[in-house]
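Participant: got a predicted structure plus its sequence, pasted below:
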Amino acid sequence: MSTAKQRKYWREARAVYRKRHPDRVKKAKKKWQLKNLHKHRIYNDRFRKKNPSYNKDYHVAHKEEILIQHLEYRTVPKNRMIVLLSAIKCKAKERGLAYNKDDMYNRFVSNPPTYCVCCNKILDYSTGKGRNRSDSPSFDRVDNSKGYEITNVEVICWDCNNKKSDSTIQNLETILKYMRERIEKTI
């Protein structure tokens with residue numbers, strides 16, 4: 001057998017093994033990465049030196065420009081939805097909850113909502129942190145026991161989501177009852 005044929009044979013054999021034993025391959029890959037971590041660090045250091053945009057000095061010198069670019073990117077509703085979706089993807093993975101990327105992107109990125117579903121306030125995509133954060137869009141799971149599924153997620157303003165947080169309907173009714181009693185006493 002020629003050398004080219006042997007390489008092709010072993011390449012195909014490795015591909016079959018990867019398909020049959022993904023857990024073993026994943027474990028071996030992690031072990032190899034830990035063993036060769038210093039090589040990755042050396043490569044990354046060289047890469048940063050060659051590419052000034054990854055250089056720490058560049059970021060320090062152009063801090064304001066980079067900040068403006070980030071703010072401009074996030075003020076576009078479509079981009080803001082992408083940022084929020086990436087955040088909930090991480091939360092879902094961290095908590096072991098269901099998350100369907102395709103459905104979420106189709107619903108929220110293609111047509112970002114303009115009003116809060118809860119209070120009908122206009123969502124302000126230009127803000128993130130700061131004084132006007134209460135009008136910022138945020139994702140709300142209607143039923144917190146379920147994951148980030150298309151039927152269980154709505155975009156509401158940060159203020160409504162913060163008030164709701166992990167409260168149950170009974171807790172909110174108790175607070176509402178208390179507030180009504182206080183208002184009636186003052187009148």
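Facilitator: Nice, thanks for sending it over.
Participant: relative to Ala28, how far out is Lys35?
Facilitator: 10 Å (CB to CB, to the nearest Å). Backbone N, C-alpha and C define where each C-beta goes, glycine included.
Participant: any idea which helix or strand in this protein has the lowest mean pLDDT?
Facilitator: Counting by mean pLDDT, DSSP states H and E, the chain has its least confident helix or strand at helix 37-50, which shows a mean of 62.
Participant: after that helix, heading C-terminal, what element do we hit next?
Facilitator: helix 56-61 (DSSP states H and E).
Participant: quick one: the strands in this structure?
Facilitator: 137-141, 153-157 (DSSP state E).
Participant: redo these as TSV? Include mean neighbour count and distance to Asn100.
Facilitator: What follows is the strands of the chain, written out as TSV (neighbours: other CB atoms under 10 Å; distance: least, CB to CB, whole Å):
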stretch	mean neighbour count	distance to Asn100
strand 137-141	20	13
strand 153-157	21	10
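Participant: so which of the ones you listed is nearest Lys164?
Facilitator: strand 137-141 (6.8 Å; CB to CB).
Participant: sheet partners, orientation included, of the closest one?
Facilitator: strand 153-157 (antiparallel) (DSSP bridges).
Participant: alpha carbons only: can I get the partner strand in CSV?
Facilitator: What follows is strand 153-157, C-alpha atoms only, in CSV (Å, rounded to 0.1, in the frame of the first residue of the first chain):
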residue,chain,number,x,y,z
VAL,A,153,-39.6,33.2,26.9
GLU,A,154,-40.7,36.8,26.4
VAL,A,155,-38.8,40.1,26.1
ILE,A,156,-39.8,42.5,28.9
CYS,A,157,-38.2,45.6,30.3
